[in-house]
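K.L.:
Fold the following for me, if possible:
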Amino acid sequence: METHVASEATTIAKGGGLADRYAAALYAHADDSGALDAVVSEMESLGQLIDDSADFRRLIESPLIDVTLGTKAALAVLEQQGFGKQVRDFVGVISTNRRLRALREIVTAFSTLVADRRGIITAQVLSAQPLNDLQRQQLRARLIEAGYGNVNIQEQIQPDLLGGLVVRIGARLYDTSLKSRLQRLQYAMKGAA
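P.N.:
Next up, the predicted model:
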């Protein structure tokens, strides 16, 4: 698998960035081997592991760790966490190619690719506070009303927004944050002076 993923990553059209090429290579390999659903699930878990574990994040982001030791350590963590051979091999290829620091970006690119292939629209939602279930349902209903049928909501907390939401769907940006409203008010007041 390692050589297959490495060759796929280098032969994919140069239309996307590094993360997109690795994501496309993994998708193609998982689809060819009939394990796409399992790999999709494990890649979601890998993204969660990166987000939740500060130690694992330090491991993959540190430029000071030797490639061989970093690869062994990352693979040991993934094996201990129960990740399958395909995802472990994929991370091994990424690490061997000295791209471990781009792992989170690759996981995100893979998630975006899967959503695109399955017809799911991804809405990136920034909020000052975590959304509760009712707010999520209301947001999903508003997005459906706006014509976005099958929506996957990716949430991020950004306390400096103060309140409200920033929703990005593709190239569209809907900014109802309190921070943005205060900035518009400040500009309006400068214009009136």
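K.L.:
any weak-confidence spans in the protein?
P.N.:
1-16, 192-193 (pLDDT under 70).
K.L.:
So which residues of it form strands?
P.N.:
Counting by DSSP state E, one finds strands in the chain at the ranges 121-127, 151-157, 165-169, 172-175.
K.L.:
Of all those, which one comes closest to Leu113?
P.N.:
The closest of the strands of the chain to Leu113 is strand 121-127. By Cβ to Cβ, the value is 10.5 Å. Where you see a C-beta, it was placed from the backbone N, CA and C, and this is true even at glycine.
K.L.:
Tell me the helices and strands packed up against the closest one.
P.N.:
In this structure, strand 121-127 packs against helix 103-117, helix 133-145, strand 151-157, strand 165-169, with contacts taken as 3 or more Cβ pairs under 8 Å, 6 or more residues apart in numbering; DSSP states H and E.
K.L.:
Check the contact between Pro63 and Arg101; I expect there is one.
P.N.:
Yes. Distance between Pro63 and Arg101: 7.1 Å, which falls inside the contact criterion (Cβ atoms under 8 Å).
K.L.:
picking up where we left off before, of the strands of the chain, which approaches Lys85 most closely?
P.N.:
Closest approach to Lys85 among these (Cβ to Cβ): strand 151-157, 26.8 Å.
K.L.:
Starting from the closest one, tell me which strands it pairs with and how they run.
P.N.:
The pairing partners recorded for strand 151-157 under DSSP bridges are strand 121-127 (parallel).
K.L.:
who touches the spatially most central residue of the chain in this structure?
P.N.:
Note on the chain: the residue nearest the mean C-alpha position is Thr108, at 2.3 Å, using Cα atoms, centre = their mean. Contacts here follow Cβ atoms under 8 Å, 6 or more residues apart in numbering; on that basis Thr108 touches 19, 47.
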